[in-house]
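**Student:** Fold the following, please.
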Amino acid sequence: MQLDKLKCVLMSILVICSIGTMGIYELVNKKEEIKTDAVKFKEEYESFNEKIIEGTEKQYSSIELLEKNPFYYASYEEIDKVLDGTGVIYFGYPECPWCRELVPLLAQASKKVGMGKIHYKNLKEERNILTFEDGKVIQEKVGSEGYTKLLQKLDSILPIYEGLEDDTLKRIYVPYVLFVRDGEIVDTHTGTWEEQTDPFTPLTEEEKTKLLSILVDKFMKVVDTSCDSAC
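**Tutor:** Numbering: from 1, shown residues only. Presented below is the predicted three-dimensional model:
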């Protein structure tokens, strides 16, 4: 009897230890998930550093991002919530040379104003592809359902899809940043520095400083609460 009781006690201890270990494992995993997006974003963009674009002599710029950067991989549902609420959304992809010039400055601006998260959506494979032939618009590729709904929601602020001779067709050109506060798009940012005509020619330090200042001002429209009441 004593031996059976001892076995029961030992089994109970093993079960409790097993449950405790699983709990710790889950907590560690959750912490890793918090880090994952920032690290994934860093690796995704830095993986193209100094690579030669196939079939050309052009080379991607080399960028460096912190492991604790603000970029978060957002679903279309999460982007929709930001558009109805408050936050910053960045559309782009790592092979986009303009995006590569902008991303490090977005991270810096975010840090300066204390914004901990930038919602990111990689649109490289999401967008539809349209061409104009024989007086007709031809759809070469259908965009994802999420992208199509996003076009409809942002229709009033998006640029016309170039080269189609149809003002009703819109497109999200990247890099494109939306600054949203209380369900209102208070500002946007497209491209990099207005005078940069070749994204493979890096911005000068002076241009980076000016662009950073512009981005900080736009971020402040989202985070500044000093005039929520009468000013």
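**Student:** which ones are touching residue 221?
**Tutor:** 179, 181, 186, 187 (CB atoms under 8 Å, 6 or more residues apart in numbering). From N, CA and C alone the C-beta is placed, and that goes for glycine too.
**Student:** Let me see the confidence value for the most centrally placed residue in the chain.
**Tutor:** The residue lying closest to the centre of the chain (CA atoms, centre = their mean) is residue 120, at 1.5 Å. Per-residue pLDDT puts residue 120 at 98.
**Student:** ok, back up a step: can you say which of the contacts of residue 221 are buried?
**Tutor:** 179, 181, 187 (16 or more other CB atoms under 10 Å).
**Student:** mind checking how far residue 84 is from residue 91?
**Tutor:** Going from residue 84 to residue 91 by CB to CB, to the nearest Å gives 17 Å.
**Student:** and residue 189, how many neighbours does it have?
**Tutor:** Burial of residue 189 is recorded as 20 neighbouring residues (other CB atoms under 10 Å).
**Student:** okay, residue 84 and residue 91: which has more neighbours?
**Tutor:** Set residue 84 next to residue 91 and count neighbours by other CB under 10 Å: residue 91 wins out with 24 against 12.
**Student:** In contact with that one, which residues are there?
**Tutor:** Residue 91 sits next to 120, 121, 123, 172, 174, 175, 176, 177, 178 when contact means CB under 8 Å, 6+ apart.
**Student:** Secondary structure class of it, three-state.
**Tutor:** Following DSSP: H, G, I helix; E, B strand; the rest coil, the label given to residue 91 is strand.
**Student:** Bridged to it, which residues?
**Tutor:** residue 121, residue 176 (DSSP bridges).
**Student:** picking up where we left off before, what's the closest of the contacts of residue 91 to residue 204?
**Tutor:** residue 175 (18.9 Å; CB to CB).
**Student:** Residue 188 is in contact with that closest one, correct?
**Tutor:** No: using CB atoms under 8 Å, residue 175 is not in contact with residue 188; the gap is 10.8 Å.
**Student:** Touching, residue 189 and residue 176? I think so.
**Tutor:** Yes: using CB under 8 Å, residue 189 makes contact with residue 176 at a distance of 7.4 Å.
**Student:** ok, residue 134 - how many residues close by?
**Tutor:** Neighbours of residue 134 under the rule other CB under 10 Å: 5.
**Student:** So which of the buried ones among the contacts of residue 221 sit within helices?
**Tutor:** Residues of these located in helices (DSSP state H): none.
**Student:** returning to that earlier point: ok, the residue nearest to the centre of the chain - contacts?
**Tutor:** 41, 71, 72, 73, 74, 89, 90, 91, 92.
**Student:** who's in contact with residue 71?
**Tutor:** Contacts of residue 71 (CB under 8 Å, 6+ apart): 37, 38, 41, 90, 103, 107, 118, 120.
**Student:** Residue 214 versus the fourth one, what's the distance?
**Tutor:** As for residue 90, its distance to residue 214 is 15 Å (criterion: CB to CB).
**Student:** what's the neighbour count on residue 161?
**Tutor:** There are 22 residues near residue 161, going by other CB under 10 Å.
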